[in-house]
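*Asks:* got a structure for you, letters missing:
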């Protein structure tokens with residue numbers, strides 16, 4: 001199997017896969033390949049918080065010509081995976097490969113799969129009115145990788161978000177920010193730019209051990225090749241492991257009243273409205289009675305020149321206000337290259353990530369370690 005991911009999050013995805021009990025891993029750019037049984041398709045889709053989607057790897061081979069692509073695709077065991085009524089569209093991508101025409105590669109793979117299916121099902125026509133098996137042919141430096149998508153809509157689509165702020169943070173990236181910050185359920189967390197609430201909601205789901213995919217469906221649930229009991233068992237596990245009564249100290253504030261209203265609705269849909277305190281509040285009102293805690297936030301970047309001065313003023317204000325919480329740790333995601341100088345302090349650590357197509361840095365400021373209880 002292949003768990004795809006945003007660049008920069010591969011190691012986080014790998015740790016999540018290990019936590020599910022799968023150890024045969026290979027980490028590469030944008031993906032983590034691992035070997036496991038069919039139950040893992042169900043469990044990985046339900047539990048992985050930072051992966052984009054789960055693909056079933058059918059085959060990998062060198063393909064510098066269309067003939068090689070056709071013959072080796074045809075030789076793969078498609079009839080063992082696809083039922084006769086399967087709907088199997090083909091997507092494609094090509095990077096630094098001799099076969100650069102994606103549409104031609106898609107057509108050849110489609111034809112090869114049909115020829116392979118004809119032998120088993122003894123028919124010349126496939127209606128494709130059954131379950132969806134979306135195939136992808138990925139060519140990188142003349143190496144072709146054939147996969148089937150098991151997820152359907154991307155795993156960031158948890159199902160709780162109806163509306164968002166102007167540039168909503170993907171749920172998978174929000175979860176990664178919380179994981180990188182090493183937040184734990186007994187630690188106070190504040191997001192002073194919470195927008196539609198994605199960071200606090202992802203933290204609450206983690207804190208109560210609620211599987212991110214619990215409330216949605218996946219393409220592979222309709223596959224006859226995966227026994228229904230696999231899915232029943234995997235979903236049963238999500239309910240057994242959830243700790244709905246775990247008390248958390250998570251707050252989300254924002255100056256925009258509409259954003260706070262949306263955040264509350266999203267939290268209710270996610271089932272964590274009781275675990276988060278949302279409030280309309282300006283940054284200048286930031287405060288906490290707790291001695292230790294973490295601020296995790298995704299403030300405005302100032303992508304438009306007209307907003308840049310306002311954003312830079314905001315970062316300076318953040319530096320002054322955060323300094324008051326001198327025993328706290330701060331984690332800030334932004335695309336602004338001069339954030340540290342505006343904030344007034346060099347980060348303990350920073351990590352390059354991607355917010356959509358925007359290159360961003362995650363600035364991490366470590367406060368003193370709380371005394372052991």
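*Replies:* Structure's in. What do you need? Small disclaimer: the values here were computed from a predicted structure and weren't measured.

*Asks:* so what secondary structure elements neighbour the helix-or-strand element of the chain with minimal mean pLDDT?
*Replies:* Least confident helix or strand, the chain: helix 305-324 with a mean of 92, by mean pLDDT, DSSP states H and E. Packing partners of helix 305-324 (3 or more C-beta pairs under 8 Å, 6 or more residues apart in numbering; DSSP states H and E): strand 329-334, helix 339-343. Backbone N, C-alpha and C define where each C-beta goes, glycine included.

*Asks:* tell me the angle of it relative to strand 329-334?
*Replies:* 180 degrees (axes from the mean of the first three to the mean of the last three C-alpha atoms, to 10 degrees).

*Asks:* for helix 305-324, give me every contacting residue.
*Replies:* 283-284, 286-287, 295, 299-302, 328, 330, 332, 334, 336, 338-339, 342-345, 365 (C-beta atoms under 8 Å, 6 or more residues apart in numbering).

*Asks:* now do 6 Å
*Replies:* The set of residues external to helix 305-324 that reach it, using C-beta atoms under 6 Å, 6 or more residues apart in numbering, is 286, 300, 302, 330, 339, 342-344.

*Asks:* please apply the same query to stretch 253-269.
*Replies:* 160-161, 163, 165, 192, 194-197, 201, 252, 273, 276, 278-282.

*Asks:* re earlier: out of the helices and strands packed on helix 305-324, which is the most enclosed?
*Replies:* Mean neighbours per residue, mean count of other C-beta atoms under 10 Å, is largest over the helices and strands packed on helix 305-324 for strand 329-334, with a mean of 24.

*Asks:* for it, what is the average pLDDT?
*Replies:* Confidence over strand 329-334, taken as the mean pLDDT, stands at 98.

*Asks:* who does that strand pair up with?
*Replies:* The strands beside strand 329-334 in its sheet (DSSP bridges) come out as strand 294-297 (parallel), strand 358-365 (antiparallel).

*Asks:* need the ones you listed in a markdown table (columns: mean pLDDT, mean neighbour count and distance to residue 86).
*Replies:* Formatted as a markdown table, the strands paired with strand 329-334 follow (pLDDT from 0 to 100; neighbours: other C-beta atoms under 10 Å; distance: least, C-beta to C-beta, whole Å):
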| stretch | mean pLDDT | mean neighbour count | distance to residue 86 |
| --- | --- | --- | --- |
| strand 294-297 | 98 | 24 | 43 |
| strand 358-365 | 96 | 18 | 37 |
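
*Asks:* domains of the chain?
*Replies:* With domains defined by automatic domain parsing, the chain comprises 2-149, 171-211+218-365.

*Asks:* which stretch among the helices and strands packed on helix 305-324 comes nearest residue 356?
*Replies:* Evaluated over the helices and strands packed on helix 305-324, closeness to residue 356 peaks at strand 329-334, with 12.2 Å, by C-beta to C-beta.

*Asks:* and what about residue 327, helix, strand or coil?
*Replies:* Here residue 327 is recorded as coil under DSSP: H, G, I helix; E, B strand; the rest coil.

*Asks:* list the contacts for it?
*Replies:* Residue 327 makes contact with 291-292, 367-368 under the criterion C-beta under 6 Å, 6+ apart.

*Asks:* ok, it to residue 84 distance?
*Replies:* Relative to residue 84, residue 327 is positioned 64 Å away (C-beta to C-beta, to the nearest Å).

*Asks:* over to residue 44?
*Replies:* To residue 84, residue 44 is 27 Å away according to C-beta to C-beta.

*Asks:* which of those two has more neighbours?
*Replies:* Counted by other C-beta atoms under 10 Å, residue 44 and residue 84 do not tie: residue 44 has more neighbours, with 27 against 14.

*Asks:* partner residues bridging the closest residue to the more buried one other than its chain neighbours?
*Replies:* Once flanking residues are discounted, residue 44 sits nearest to residue 54: 4.9 Å by C-beta to C-beta, 6 or more residues apart in numbering. Beta bridges link residue 54 to residue 3 when assigned by DSSP bridges.

*Asks:* go ahead and build a ChimeraX selection from the buried members of the contacts of residue 327.
*Replies:* Buried members of the contacts of residue 327 can be picked out in ChimeraX with the line below, counting by 16 or more other C-beta atoms under 10 Å:
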select :292,367
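
*Asks:* same list (the contacts of residue 327) but as CSV, adding secondary structure.
*Replies:* What follows is these, written out as CSV (three-state DSSP):
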residue, secondary structure
291, coil
292, coil
367, coil
368, coil
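
*Asks:* what is the neighbour count of residue 28?
*Replies:* Counted with other C-beta under 10 Å, residue 28 comes out at 10.
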